[in-house]
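> Dropping the sequence and predicted coords here.
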Amino acid sequence: MKFTVLAKALAAIPLFSTSLASPLVQGAEVAEVEKRACELKVQWTDNWFEVLTRYQVKLITTPRIDNLLAIYCDAFANTRTDDWDNLQCYWNGGHFYLDASFSWGSAGHDNYLRTHEEAAQKTRERSGCNVVLNI
């Protein structure tokens, strides 16, 4: 049988589209994270004072699974605590960061810890990956 160039091109589209990397999106589906030995490390990097205390952590996945970063950010945004403000999840200099503002003092720091612990638990449940908090 002879195939036209158009028929060959149409047949190749499904193969090509599955090989493209999917972008990082909010609310990533768990099915997009492969069920394998994986780990997300949440590493404290900095904090500073603005109107509130701003805490920054770096998220590191092993192996690299960008959708796991989105799952953690989504879990953080949907925690039961409401003491945080201005959540930011972003790439900078080849690293992925999450930072948010909390109230000053020990109450704000306790809420910072509690919010990350809850986000870590939700991420473990949704992805099956281990989450290590170094905060």
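Noted; the coordinates are in hand.
> Stretch 59-76: how far from the chain's middle?
How far stretch 59-76 lies from its chain's middle: 3 Å, per Cα atoms, centre = their mean, to the nearest Å.
> quick one: average confidence on it?
Averaged over stretch 59-76, pLDDT sits at 95.
> Next up, the contacts around the spatially most central residue of the chain.
Most central in the chain under Cα atoms, centre = their mean is residue 69, positioned 1.7 Å from the mean C-alpha point. The contact partners of residue 69, taken as Cβ atoms under 8 Å, 6 or more residues apart in numbering, are 24, 40, 59, 61, 89, 96. Quick note: C-beta positions are derived from backbone N, CA and C, even for glycine.
> after the helix or strand that contains it comes which helix or strand?
Taking DSSP states H and E as the criterion, residue 69 maps to helix 66-77. Going down the chain from helix 66-77, the next helix or strand is strand 85-92, by DSSP H and E.
> what pairs with that next one, and is each one parallel or antiparallel?
strand 95-102 (antiparallel) (DSSP bridges).
> Just want the angle from the partner strand to helix 66-77.
Here strand 95-102 points in a direction 0 degrees away from that of helix 66-77 (axes from the mean of the first three to the mean of the last three Cα atoms, to 10 degrees).
> which other residues reach strand 95-102?
42, 45, 50-60, 66, 69, 72-73, 76, 83-91, 108-109, 111-112, 115.
> where's the helix or strand harbouring residue 123 relative to the chain centroid, distance-wise?
Assessed by DSSP H and E, residue 123 sits inside helix 105-127. Relative to the centre of its chain, helix 105-127 is centred 14 Å away, using Cα atoms, centre = their mean.
> average pLDDT for that helix?
What helix 105-127 shows for mean pLDDT is 94.
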